[in-house]
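In: Need coordinates for the following:
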Amino acid sequence: MTSDYAIVLAGHGSRDPDGLREFEQLLALMRERIGAHRLRHGYLEFARPTLVEAVQASVAAGARRVVMVPVLLFAATHAKNDMPSELQALQQAFPEVELSFGAAMDLHPRLLRLAQQRIVEAEARADQHVQRADTCLVVVGRGTSDPDANSEISKLCRMLEEGMGFGASFVCYSGTAKPLVADGLRTAARLGCRRVIVMPFLLFDGILVKRIYAAAETLAVRHPEIEVLKTHYMGVHPDLVEVFLERAEEGAHGRAHMNCSLCKYRVQIVGFERQVGEPQQPHHLQVRGDLSGDNSDSLPIVVPEQPLPATTRVTPPPVRRPQPATTPAVAALPRYAPSWNEVEGLRLVAAERDWSDFSGAAKAVAQRLVYTSGDVASVDDLFVSPGASEAGIRAILRCRRVVTDTSVLEAALQPSLVQALSVMTWCGAQEREALLLAEASDLTDAAAGIRLACERFGNDVILAIGDDPMAVSEAVALIREKTWRPQLVIGLPAGFIGTIECKEQLRRCMQVPRITNRGPKGGVMWASAVVNALFIAALNESTTAP
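Out: I've put the predicted structure just below:
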């Protein structure tokens, strides 16, 4: 290993001090191996120093080649999106420095060997001997929105099952992916094995590890006939040091390899077709840094105006003479700054009628609807169920997913607000699965997309329907018959065929918060105006919350 480059270990960060402490213990072990002068560390979120501060410190110490190595088990959104976005912005701030990115750990032989060691250690602590043929191994992964990374957990589990001779194995996840831990352990208990070994496939201690152990203890209480063993998570180990140093060497010499054959950003994967070529944009800016509310970095740096396409590889420019950075700093989310025309237009709207029949966030929604449609009478028949606007704002800040019935409505949502709030928008009408469903049933493409959203996302969505009356009817049917509970349903299609009837169905659907109207008026721009108004309120609320 050469010494002509500096290394920045890029950790995820944690709200749990135990996880941060173990990350720094790994760092100390690595410093013993290569020397402290070449090594820095930073966190993506929840802790300091940030990645920006870590790279800044390396450059200030004289480094002209820096490799950022993600301290992550598998390449998912953080390794494919968030960290490369940071690296791109840093390259713009330091054009004279050659910045490289290392690959995530993935299923390295040393990692498999360490997992084997953790299992053997857990078996050695047991009071009785149980053959592995009568043991079920449960591997608990972190869980991500990336099916490629989730499938690596299944591959690891299968390799351990066959390599160590377990009678059965099962995979579950601590979050995002399913089955979740409690559901997975209940299923494993029904497989009929005398022993269940629960292995958290996580690097460091923290909130997730503690939850996994608590779920294992609950399983042991509920099933005293089954011996439940808990393994240590991967933890601080010399094998991990060697893997991360290997990844640093690969990154420094342009040999970083990532498994892209099933990457959802590069090829069409079933259920994720629309994410091919999705731009790399950071999703962690609101929690960058520590938890005290100070999310600013000391380095002047800006996220690029044009996001980096996922298929683009960051190639460092040639070394140039140092230049002072003059770009503005990335800080906490700004309040929404309307244009002069918007301010003046809304002022005129406010003077057009008596708004006492609307209050709070509902008033802001109604006024923006008039501003967008140019029709003061547009709100005469507007129906906003009690607390619906407030529920929509909370859902934007918590769930961050808006489902639309048409791509035109999705495109009408203000891009700057979508990006600032890290909201994921989704329209199922053009999904292959929705088209197949529509062809095999009596549904329109848009209604099939709504049914698909129910299956994929569950309750943590806002529905915005501005075009297809059947999509509204399908949503109501799923709410009433399948106990679907979207956080808010906005139903404002226009027209004379089925439109008035579907809106009346939604208005009477008291199980969910809803915004609709009476009569044939409406359309995509009306629905997008409502969503944009909620976006603005949510953005302003997020910047004023303590």
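In: where do the helices sit along the stretch 351-500 of the chain?
Out: For the stretch 351-500 of the chain, the helices defined by DSSP state H, counting those that start in this stretch cover 361-373, 388-398, 407-412, 415-420, 432-440, 445-457, 469-481, 499-507.
In: what's the closest of these to Gln88?
Out: Counting by Cβ to Cβ, Gln88 lies closest to helix 415-420 out of the helices of the stretch 351-500 of the chain; the figure is 15.2 Å. To be clear about C-beta, it is placed using only N, CA and C from the backbone, and glycine gets the same treatment.
In: other SSEs contacting the closest one?
Out: The helices and strands touching helix 415-420, judged by 3 or more Cβ pairs under 8 Å, 6 or more residues apart in numbering; DSSP states H and E, are helix 524-544.
In: picking that back up, which stretch in the helices of the stretch 351-500 of the chain has the least confidence?
Out: In terms of average pLDDT, helix 432-440 trails the rest of these, at a mean of 86.
In: tilt between that helix and helix 445-457?
Out: Relative orientation of helix 432-440 versus helix 445-457 (axes from the mean of the first three to the mean of the last three Cα atoms, to 10 degrees): 130 degrees.
In: And helix 432-440, what's buried?
Out: 433-434, 437-438 (16 or more other Cβ atoms under 10 Å).
In: Is it possible to get JSON lines of these that adds distance to Glu455?
Out: Listed next are those as JSON lines, based on distance: Cβ to Cβ, whole Å:
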{"residue": "Glu433", "distance to Glu455": "9"}
{"residue": "Ala434", "distance to Glu455": "10"}
{"residue": "Leu437", "distance to Glu455": "10"}
{"residue": "Ala438", "distance to Glu455": "14"}
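In: picking that back up, for Met83, which of the helices of the stretch 351-500 of the chain is the nearest?
Out: Of the helices of the stretch 351-500 of the chain, nearest to Met83 by Cβ to Cβ is helix 415-420, at 17.8 Å.
In: Export only the CA atoms of that closest one, formatted as CSV.
Out: C-alpha atoms of helix 415-420 as CSV (Å, rounded to 0.1, in the frame of the first residue of the first chain):
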residue,chain,number,x,y,z
PRO,A,415,-39.1,20.8,-8.5
SER,A,416,-37.3,23.1,-6.1
LEU,A,417,-39.8,22.3,-3.3
VAL,A,418,-39.6,18.6,-4.1
GLN,A,419,-35.8,18.6,-3.9
ALA,A,420,-35.7,20.9,-0.8
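In: Begin at 841 from now on, thanks
Out: Yes, from this point I'll number from 841; that puts the last item at helix 1255-1260.
In: okay, which residue is most central for the chain?
Out: Centroid-nearest residue in the chain, with Cα atoms, centre = their mean: Ser985, separated by 6.5 Å.
In: quick one: that one from His918, how far?
Out: To His918, Ser985 is 11 Å away according to Cβ to Cβ, to the nearest Å.
In: Out of the helices of the stretch 1191-1340 of the chain, flag the one nearest Ala1177.
Out: Here helix 1255-1260 is closest among the helices of the stretch 1191-1340 of the chain (Cβ to Cβ), at 9.7 Å.
In: about what we covered before: can you tell which of the helices of the stretch 1191-1340 of the chain is closest to Ala1008?
Out: helix 1285-1297 (28.0 Å).
In: mind checking how far the closest one is from the chain centre?
Out: 20 Å (Cα atoms, centre = their mean, to the nearest Å).
In: Please apply the same query to stretch 1239-1259.
Out: The answer for stretch 1239-1259 is 16 Å, by Cα atoms, centre = their mean.
In: Identify each buried residue in that stretch, please.
Out: 1239-1250, 1252-1253, 1257-1259.
In: how about the strands of the stretch 991-1140 of the chain, start to end?
Out: Under the criterion DSSP state E, counting those that start in this stretch, strands of the stretch 991-1140 of the chain are mapped to 1008-1013, 1035-1040, 1067-1070, 1119-1120.
In: Show me this protein divided up by domain.
Out: Domains of the chain are assigned by automatic domain parsing as 846-946+1079-1149, 949-1070, 1180-1384.
In: Going by mean pLDDT, which of the ones you listed comes out lowest?
Out: domain 846-946+1079-1149 (a mean of 79).
In: Got phi/psi on Glu938?
Out: Phi and psi for Glu938, reported as degrees, to the nearest 10, are phi -90, psi 110.
In: What about it, how many residues nearby?
Out: Glu938: 19 surrounding residues under other Cβ atoms under 10 Å.
In: For it, list each beta-bridge partner.
Out: Arg905 (DSSP bridges).
In: residue ranges of the helices in the stretch 891-1040 of the chain, please?
Out: Counting by DSSP H, counting those that start in this stretch, the helices of the stretch 891-1040 of the chain are 891-900, 917, 923-933, 949-964, 987-1004, 1021-1029.
In: Which one, of those helices, ends up nearest to Arg855?
Out: Closest approach to Arg855 among the helices of the stretch 891-1040 of the chain (Cβ to Cβ): helix 891-900, 17.6 Å.
In: what's the neighbour count on Ala1260?
Out: 19.
In: scratch that, Ala1056
Out: 23.
In: Off-centre distance for stretch 1310-1321?
Out: The answer for stretch 1310-1321 is 27 Å, by Cα atoms, centre = their mean.
In: Please report how far Glu1295 lies from Ile1376.
Out: 31 Å.
In: Relative to Ala944, how far out is Met908?
Out: 12 Å.
In: Which helix or which strand is home to Tyr1176?
Out: Secondary structure assignment for Tyr1176, by DSSP states H and E: no helix or strand.
In: what sits against it?
Out: 1257, 1376, 1379-1380 (Cβ atoms under 8 Å, 6 or more residues apart in numbering).
In: switch to 10 Å and redo it
Out: By Cβ atoms under 10 Å, 6 or more residues apart in numbering, the contact list for Tyr1176 reads 1182, 1254, 1256-1257, 1260, 1372, 1375-1380, 1383.
In: what sits against the nearest residue to Gly1185 once chain neighbours are set aside?
Out: The shortest distance from Gly1185 to any non-neighbouring residue, by Cβ to Cβ, 6 or more residues apart in numbering, is to Tyr1211 (5.3 Å). By Cβ under 10 Å, 6+ apart, the contact set of Tyr1211 is 1182, 1185-1190, 1218, 1369, 1373.
In: rewinding a little: from the contacts of Tyr1176, which is closest to Glu885?
Out: For these, the nearest to Glu885 is Ala1260 (16.5 Å; Cβ to Cβ).
In: do you know how far the residue nearest to Gly1185 is from Thr1016?
Out: 38 Å.
In: next one: Ile1233
Out: The value you get for Ile1233 to Thr1016, if Cβ to Cβ is used, is 23 Å.
In: can you check Trp1195 too?
Out: 41 Å.
In: and what of Ala1269?
Out: 25 Å.
In: Pick out whichever of those two has more residues nearby.
Out: A count of neighbours by other Cβ under 10 Å puts Ala1269 above the other of Ala1269 and Thr1016, at 25 against 15.
In: show me the contacts for the more buried one.
Out: 1244-1250, 1275, 1278, 1284-1290, 1292, 1307-1308, 1311.
In: Repeat that for Asp856.
Out: Contacts of Asp856 (Cβ under 10 Å, 6+ apart): 862, 886-887, 1044-1050.
In: Of all pairs in those, which one is the farthest apart?
Out: Most distant of these, by Cβ to Cβ, are Ala887 and Lys1050, 17.4 Å apart.
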